[in-house]
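# Output the structure for:
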Amino acid sequence: MVRLLRPLTRGTTYTRLVHLWVPMLLVSVWLFVFPGQPWGPALPLIPLGLIPAVRLGEGVQAQVLLTPGEKDPGFSVRPAATWGDRFRTVLWLEARMVLGALAMFSTVWFPMLAHDFTAAAFGHAVTDNPLMRITHPHWAYGLLAPLCLVAMYASVVGLGELVTVVARRLLGPSAAERVAALEERTEQLLERTRIARELHDSIGHALTVAVVQAGAARAAGDPAFTDRALLAIEDTGRAALEDLERVLGLLRETRRPASGRPTLVEADRLMESARTSGAKIDADLTGPLETVPGPVSREGYRILQECLTNVLRHAGPVPVRVRIAVEDRALTLEVRNPLTAGIPGSGPGGGMRGSGLRGIRERAALLGGTARTGPDGGDWQVHVELPLR
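Next comes the predicted model:
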């Protein structure tokens, strides 16, 4: 018995009833203007349901009123993208109108019938009820009054469950919408991965330069060298703070454009930062870097930054050869440095280098390019090719 009466204590029962009543407001206005045509409002629903934004509004209503509090109610909350979604919206509007009429009938006429049966049980004739006339009152009519209230309760709960099931079928995401949602989720995951790489590359490079410069200044004991080292640490730290501010901005504004990220046009600044840390860089830049597409140029900058960071962290102040070539179809980026006792992947920080190299390969793969890393003729080599078209 308690289980049967439990819907009376649930707020969802009453919000679903409100959802069923809403179409009847349109019917009431229509009957006020055009009396005697109760089904007239059903005709304008056809062109109305073909408007893409209507599906969005119906999905939001269903989510708020039919399934309040549920995390994944299964309704589409975006405009109709295909004609199939629009036709499903039209069918939903018609179904909602029919179910709303049944709910209105049950909540209006069942209480009226219960009232009239009660009146007839006490000896009053019922002549003004269009559904029935009781000219011979009898006490037995009193037994029917509770049944009317039970019928109203059952219809309200049952119609609420039915309209929710129908809404999930007709307002649920179509195959195209599920694919779009999956693509959006994939984009979000890729964006989070890119932001993680941004922080790894930028902050990791800055910390590496600071550590190398501080250690060299302490060992040198030369005031002039110490001043240069502190200046390099200051410049690198300031650039890292700018990168951190930009990345945090990306987290706050997911739609913020990526045009503010550094590109290969600023490669000289990056190599100069490595030079101040003791690396002897021999750079060979050929081709117009400013013509490289934005995504390729930005990822190329991060790849170069990761390469130089790895050199400073694992090999120290050694000669480094950097070659950047812009050709018709591809951007070639190569960084080479002599192999030292600090073999990549071993010793302190080896895991960081392994993570960085994996990030280089992933960046190249996302742009349709290739990346080769490893020993080559006594050098450690990173060779990356990124397509420009």
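
# Residue 151: how many residues sit nearby?
Number of residues near residue 151 (other Cβ atoms under 10 Å) recorded here: 15. Quick note: C-beta positions are derived from backbone N, CA and C, even for glycine.

# Verify the stated contact: it with residue 110.
Yes - counting by Cβ atoms under 8 Å, residue 151 touches residue 110, with 5.5 Å between them.

# Please look at residue 330 and residue 370 and confirm they touch.
No - using Cβ under 8 Å, residue 330 is not in contact with residue 370; the gap is 9.7 Å.

# between those two, which one's more packed in?
More neighbours surround residue 330 than the other of residue 330 and residue 370, with 17 against 14 (other Cβ under 10 Å).

# what sits against the more buried one?
Neighbouring residues of residue 330 by Cβ atoms under 8 Å, 6 or more residues apart in numbering: 369, 385-388.

# ok, 7 Å please
385-388 (Cβ atoms under 7 Å, 6 or more residues apart in numbering).

# can you tell me which two in the residues you listed are farthest apart?
Distance extremes for those: the farthest pair is 385 and 388 at 10.2 Å, using Cβ to Cβ.

# Now find how far off-centre stretch 50-65 is within its chain.
Chain-centre distance of stretch 50-65: 19 Å, with Cα atoms, centre = their mean, to the nearest Å.

# So which bits of that stretch are buried?
Neighbour counts using 16 or more other Cβ atoms under 10 Å place 54-56, 58-59, 61-63, 65 of stretch 50-65 among the buried residues.

# Tell me the helix or strand right after the helix or strand residue 214 falls within.
When elements are assigned from DSSP states H and E, residue 214 belongs to helix 175-220. For helix 175-220, the following helix or strand on the C-terminal side (DSSP H and E) is helix 223-252.

# Can you spell out which helices and strands pack onto that next one?
Here helix 223-252 touches helix 175-220, helix 267-276, going by 3 or more Cβ pairs under 7 Å, 6 or more residues apart in numbering; DSSP states H and E.

# And those helices, which one averages the lowest pLDDT?
Note on the helices and strands packed on helix 223-252: lowest mean pLDDT is at helix 175-220, with a mean of 68.

# quick one on the thing from earlier: using JSON lines, lay out the buried residues of stretch 50-65 together with distance to residue 212, secondary structure and pLDDT.
Below are the buried residues of stretch 50-65 laid out as JSON lines (distance: Cβ to Cβ, whole Å; DSSP: H, G, I helix; E, B strand; the rest coil; pLDDT from 0 to 100):
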{"residue": "54", "distance to residue 212": "62", "secondary structure": "helix", "pLDDT": "89"}
{"residue": "55", "distance to residue 212": "59", "secondary structure": "helix", "pLDDT": "89"}
{"residue": "56", "distance to residue 212": "55", "secondary structure": "helix", "pLDDT": "89"}
{"residue": "58", "distance to residue 212": "61", "secondary structure": "helix", "pLDDT": "91"}
{"residue": "59", "distance to residue 212": "56", "secondary structure": "helix", "pLDDT": "90"}
{"residue": "61", "distance to residue 212": "61", "secondary structure": "helix", "pLDDT": "90"}
{"residue": "62", "distance to residue 212": "60", "secondary structure": "helix", "pLDDT": "90"}
{"residue": "63", "distance to residue 212": "55", "secondary structure": "helix", "pLDDT": "90"}
{"residue": "65", "distance to residue 212": "62", "secondary structure": "helix", "pLDDT": "91"}
